[in-house]
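J.: Here is my input; please provide its structure:
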Amino acid sequence: MTDASPVAPGWARFYRWGPYALLGVGAVISTAAVGTLMNREEAYAAAVLAVVALGWQVAWDRPLRTLPQASRPRTCYFVGRAVLALALSWANPFFCVYALMGYFDAGRQLPAPLRRYGLLSVAVTMSGAQSGVLGPPTGAFLQWALFGALFALQSCLAIVLDRFGDQEAEKAREQRVTIEALELANARLEQALAENEALQAQLLVQAREAGIADERRRLAAEIHDTLAQGLTGIIAQLQAAADSGDPSTARAHVERAAALARHSLGEARRSVHNLAPGPLEHHTLPEALRRAVARWSTTSAARPELTVTGTAEPLHEEIEAALLRIAEEALTNVAKHADAARVGVTLSYLDDQVTLDVRDDGRGFDPDGRPPRSTAGGFGLGGMRARAERVAGRLLIESEPGAGTAVSAHVPLVRHDA
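T.: Reported below is the predicted structural model:
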């Protein structure tokens, strides 16, 4: 630890300028005592010693700001200053104020094993100066008794200051440990942030790839729900026209095929534009379902019925698009596989969800077995289930051979302004 270790600014100034100030105070008081407490020869000796003490302090001023605490050079500095303080106090007791500095900085200048001896040396100087022992020997018993009492008092003060120094050293050690722990924690935090940044970049790449894959699935489902279904209907109408022997009936099938072709072309153009269900651009979900059911009834022998329950309200675009496409796919499956006489489509607005039920009285199938697949590559039941799950919903299939089929989609009620 260097002299620049954590310390209050006021104490730092005191440690640097205190020796100069105390030496100056001792010199001023001692000069006033010339002729009373010391003769001219003693005054000259004190002046020389004071100049030496000042030079000693000036010589060590700069090194003390860079040397480690409690190092050997600092011990040398402290011992030299203590000897000079003792010699000055012998010349004039008022110079003992210069020795006071040892009480304050012994912990900074001396290693722990020597700190107590350094404090005791200050106590000896202070007691000797105050009792008059330092100076011409008199042998008076009272003088030595006073020295003993003062030394005991100064020793107690030294012990207290030594204990205070230990506490300050422990506090400094705890500060160093805390700083090192904070630096280690900061390094670990920077490492964690770097790892988190790399992980975030990896997640962004994965999210981008997942978004591309999801968009491909959506595009495939959109093509299936629009072009594939439209072409299937066109083929069915043209096949019916070809098989019909009645020209008027054949003409009606051809007209229906042409209408389906025009509708499919419009859907294809709209899909290229924004891939949003065209009927929902200008109609509510119940109206779009009603139009889809009516359009489906022109190509199927089954009798459909649409029912809307609850209070209809605008839903989020994704929710409405998913329900409309599920209904269209379910009706397509009924036309291709069910051979049903009646079909019921029910749209229910509940408190926190919307349900769509498409039920028929057709031949049914075993849900645990292999479900009927769409001729467009399997976007039938799987496609409907994927659409429901994409908007946090679920799709339920209830069917058994000879008992019809019920397709139920349950999605959260997310309003248009959400």
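J.: Show me the shaky parts of the stretch 151-300 of the chain.
T.: Within the stretch 151-300 of the chain, the segments meeting pLDDT under 70 span 161-162, 165-166, 169, 201, 203-205, 207-212, 214-215, 218, 221-226, 269-279.
J.: ok, now which ones touch the closest residue to L119 other than its chain neighbours?
T.: Excluding its sequence neighbours, the residue lying closest to L119 (Cβ to Cβ, 6 or more residues apart in numbering) is A158, at 3.6 Å. C-beta here means a position set from N, CA and C on the backbone, and glycine is covered the same way. Residues counted as contacts of A158 (Cβ atoms under 8 Å, 6 or more residues apart in numbering) are 103, 116, 119-120, 122-123.
J.: could you pull out the helices for the protein?
T.: Remark: helices assigned in the chain by DSSP state H are 9-32, 40-61, 72-91, 96-99, 101-109, 112-131, 141-223, 229-243, 247-274, 279-282, 285-297, 317-333, 381-390.
J.: Distance from the fourth one to the middle of the chain?
T.: A distance of 58 Å separates the C-alpha centroid of helix 96-99 from that of its chain, computed with Cα atoms, centre = their mean, to the nearest Å.
J.: Same check on the last one?
T.: Taking Cα atoms, centre = their mean, one finds the center of helix 381-390 at 36 Å from the center of the full chain.
J.: Identify each buried residue in that helix, please.
T.: Residues 381, 383-388, 390 are the ones in helix 381-390 that count as buried (16 or more other Cβ atoms under 10 Å).
J.: Tell me what H410 is bridged to.
T.: The partner list for H410 in beta bridges (DSSP bridges) reads T355, R394.
J.: tally of neighbours for it?
T.: 16 (other Cβ atoms under 10 Å).
J.: who's in contact with it?
T.: Applying Cβ under 8 Å, 6+ apart to H410 gives the contacts 353-355, 388, 393-396.
J.: of the contacts of A158, buried ones?
T.: Buried, going by 16+ other Cβ under 10 Å: 103, 116, 119-120, 122-123, out of the contacts of A158.
J.: so which of the helices of the chain comes closest to A403?
T.: Closest of those to A403 is helix 317-333, at 15.9 Å (criterion: Cβ to Cβ).
J.: ok so, going back, hey, which of the helices of the chain is tucked in deepest?
T.: Of all the helices of the chain, helix 96-99 has the most neighbours on average by mean count of other Cβ atoms under 10 Å, namely a mean of 25.
J.: Any idea how far apart the tips of stretch 96-114 sit?
T.: In stretch 96-114, first residue to last residue: 21 Å (Cα to Cα, to the nearest Å).
J.: about what we covered before: got the helices of the chain as a markdown table, with distance to G402 columns?
T.: Shown next, in a markdown table, are the helices of the chain (distance: least, Cβ to Cβ, whole Å):
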| stretch | distance to G402 |
| --- | --- |
| helix 9-32 | 95 |
| helix 40-61 | 108 |
| helix 72-91 | 104 |
| helix 96-99 | 115 |
| helix 101-109 | 100 |
| helix 112-131 | 98 |
| helix 141-223 | 31 |
| helix 229-243 | 25 |
| helix 247-274 | 31 |
| helix 279-282 | 34 |
| helix 285-297 | 23 |
| helix 317-333 | 17 |
| helix 381-390 | 19 |
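J.: which one of those helices lies closest to P304?
T.: P304 lies closest, by Cβ to Cβ, to one member of those: helix 285-297, at 4.9 Å.
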